[in-house]
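> Can you look at this prediction? I've put the sequence above it.
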Amino acid sequence: MNYWLMKSEPSTFSIDHLAAAKKSTSGWDGVRNFQARNFLREMKNGDLAFFYHSSCDVPGVAGIVKVVREGYPDPTAFDAKDDHYDPDSKRDNPRWYCVDVKLEKKFDEVVTLEELRKHEKGKLKNMIVLKRGNRLSVTPVTKSEFEFIASLATSI
DNA sequence: GCCAACGTTGGC
DNA sequence: GCCAACGTTGGC
């Protein structure tokens, strides 16, 4: 069982969108970065991930999702009308992958980036999302990082 | 295989 | 809206 962090811009797809989806489940599609794609393909059913809100008023971790369908070809890459269409991704040789995630827990309050930064020299000193210049939309998180941030959420 | 140009991300 | 950081593209 592994842990992850997945970014989304809430103006496009927020944790409330996921909560409102059928069975609180949605495909996590549109990832167009090779390193992030490789992490998507490593995910296993039952893995847990933080749902991170980026490029918004209060960036931070909004809750926890669970992987309920392992990596499969991203259908939006085949759809010429989709913003994420990629003509180089072929059905018989797909370039991009996605997973399905189900909402596990929405935090009462977002654990803000500002809050995470208070621990960037301590328990979160190896946290990838806090590293300078990091832009990866899908990153692995260690068990201890995961549990620590989850504990911050419940202590608010 | 190098690297300049370009586009995107994401915090501020 | 700015800009630093970084990934990707494409000419050579």
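Arrived safely.

> Which strands and helices lie in contact with the lengthiest helix in chain A?
Using DSSP state H to define each element, chain A has its longest helix at helix A:143-155. Judged by 3 or more CB pairs under 8 Å, 6 or more residues apart in numbering; DSSP states H and E, helix A:143-155 is in contact with strand A:3-8, strand A:48-53, strand A:60-73, strand A:97-112. Heads up, the C-betas are built off the backbone N, CA and C, glycines and all.

> Nearest to DNA strand B, out of these?
With CB to the nearest atom of the strand, the closest approach to DNA strand B among these belongs to strand A:3-8: 4.6 Å.

> Check the offset of that closest one from the chain's centre.
Remark: strand A:3-8 is offset 3 Å from the chain centroid, using CA atoms, centre = their mean, to the nearest Å.

> relative orientation of it and strand A:48-53 in degrees?
20 degrees (axes from the mean of the first three to the mean of the last three CA atoms, to 10 degrees).

> Between strand A:3-8 and DNA strand C (residue level, any contact counts), is there anything?
No - figure legend: strand A:3-8 not in contact with DNA strand C (CB under 7 Å from any atom of the strand); closest approach 13.7 Å.

> Please list the outside residues in contact with that strand.
Here strand A:3-8 makes contact (CB atoms under 8 Å, 6 or more residues apart in numbering) with A:14, A:28, A:39, A:43, A:47-54, A:61, A:65, A:101, A:128-129, A:137-143, A:145-146.

> could you pick out which of those residues are near DNA strand C?
Counting by CB under 7 Å from any atom of the strand, no member of the contacts of strand A:3-8 is near DNA strand C.
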